[in-house]
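Peer 1: Provided below for reference: sequence and predicted model.
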Amino acid sequence: MSVVVRDNLKGLGGEGLEWVTVQGIELQFLGTGTSAGVPMIACDCAVCLSSDPRDKRTRCSVVIRYGETVVLVDTTPELRLQAVACGVKRIDAVVYTHAHADHIMGLDDVRRFNAVRGGPLDVWAETGAYKAIFQCFGYAFREPEPETKLFRPHLVYREITGPFEIGGRVWTPIPLVHGATRVLGFRVGNLAYCTDVNLMPEESFRLLEGVEVLVLDALQWRKHATHFTVEEAMEVAKRVGARRTWFTHIAHGLGHEETNRLLPDGMKLAHDGLVTGVVG
């Protein structure tokens, strides 16, 4: 088993990005920013004004790919821009971590993937998250009339009640605490994605045993009510013991290059467009 990484900064401009074909699982970061994004509106801090493309962070989302299957995790407000920039040309399903606005409000953009697929897309979520999503996008879960199919999403709800299967691989939900909100992380093989968390339950550590690549929330250095600080995330990462940990959901208090110089081996800030995975 080995871990692979690709820095697709060229892909941020929408050029030169292709998927790596490997016998394993690949995760691409579409967005790595907190709910306000980076740069943040009306902020003149060093990170918001940075010319480093790794400091430009859209809202948190990833694509996970294995074999011929492509799964989108969360639908951010920048979904269209993310998909174009990162070369995502099709998806086979959508999986939701939770129903906060920065994770769901781009859902209407999946209609383009309906057109590419020529049919409906499965949407996996817990019941509570689905109810919130349905309040905003109920129309997307009804089959559109033939004349509107190009202009409407067509989604089929699949309830998450435990491990489930997409494209022949098992997805294991990882319970997470995000302030007062229940959030799900997901383990696929030896890769795990755990965004939006400030408390990791004991049962979740057991579900993460043997993970090779871990993606974990690390908002900023200062204490926060609903997200891990960098130091808290480092402690969790050490306990999980993955060979490679990427931090995500990053606020404007963390400059990419400066912060990475302070992190231990095997732990780094992710950035939009980055691809990581497990081979074998």
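Peer 2: Great, that's in hand. Numbers count the residues shown, from 1 in each chain.

Peer 1: Tell me how far the helix or strand encompassing residue 28 lies from the chain's centre.
Peer 2: Using DSSP states H and E, residue 28 maps to strand 24-31. Computed by Cα atoms, centre = their mean, to the nearest Å, the separation of strand 24-31 from the middle of its chain amounts to 8 Å.

Peer 1: same check, this time on stretch 97-105
Peer 2: Computed by Cα atoms, centre = their mean, the chain-centroid distance of stretch 97-105 equals 11 Å.

Peer 1: Report whether the expected contact of residue 152 with residue 144 is present.
Peer 2: Yes - between residue 152 and residue 144 a contact is recorded at 3.9 Å, counting by Cβ atoms under 8 Å. Glycine gets a C-beta too; all of them are placed from N, C-alpha and C.

Peer 1: coming back round to it: indicate each strand paired with the strand holding residue 28 and its parallel or antiparallel sense.
Peer 2: Using DSSP bridges, the strands paired with strand 24-31 in its sheet are strand 61-66 (antiparallel), strand 275-279 (antiparallel).

Peer 1: Can you say which of these is packed in most?
Peer 2: Counting by mean count of other Cβ atoms under 10 Å, strand 61-66 has the highest mean neighbour count of the strands paired with strand 24-31, with a mean of 25.

Peer 1: Skip ahead from that strand and say which helix or strand is next.
Peer 2: Taking DSSP H and E, what comes next after strand 61-66 is strand 69-73.

Peer 1: any low-confidence regions in the protein?
Peer 2: 1-23, 149, 279-280 (pLDDT under 70).

Peer 1: ok, so what distance separates the residue nearest to residue 187 when sequence neighbours are not counted from residue 109?
Peer 2: Computed as Cβ to Cβ, 6 or more residues apart in numbering, the closest residue to residue 187 that is not its neighbour in sequence is residue 172, at 4.3 Å. Here the distance between residue 172 and residue 109 works out to 27 Å (Cβ to Cβ, to the nearest Å).

Peer 1: repeat for residue 237
Peer 2: Distance from residue 237 to residue 109, by Cβ to Cβ: 32 Å.

Peer 1: Repeat that for residue 266.
Peer 2: 35 Å.

Peer 1: cool, and residue 135?
Peer 2: Taken as Cβ to Cβ, the span from residue 135 to residue 109 is 18 Å.

Peer 1: And the longest strand along the chain, what does it pack against?
Peer 2: Criterion DSSP state E: the longest strand present in the chain is strand 169-178. Here strand 169-178 touches strand 164-166, strand 181-188, strand 191-194, helix 202-207, going by 3 or more Cβ pairs under 8 Å, 6 or more residues apart in numbering; DSSP states H and E.
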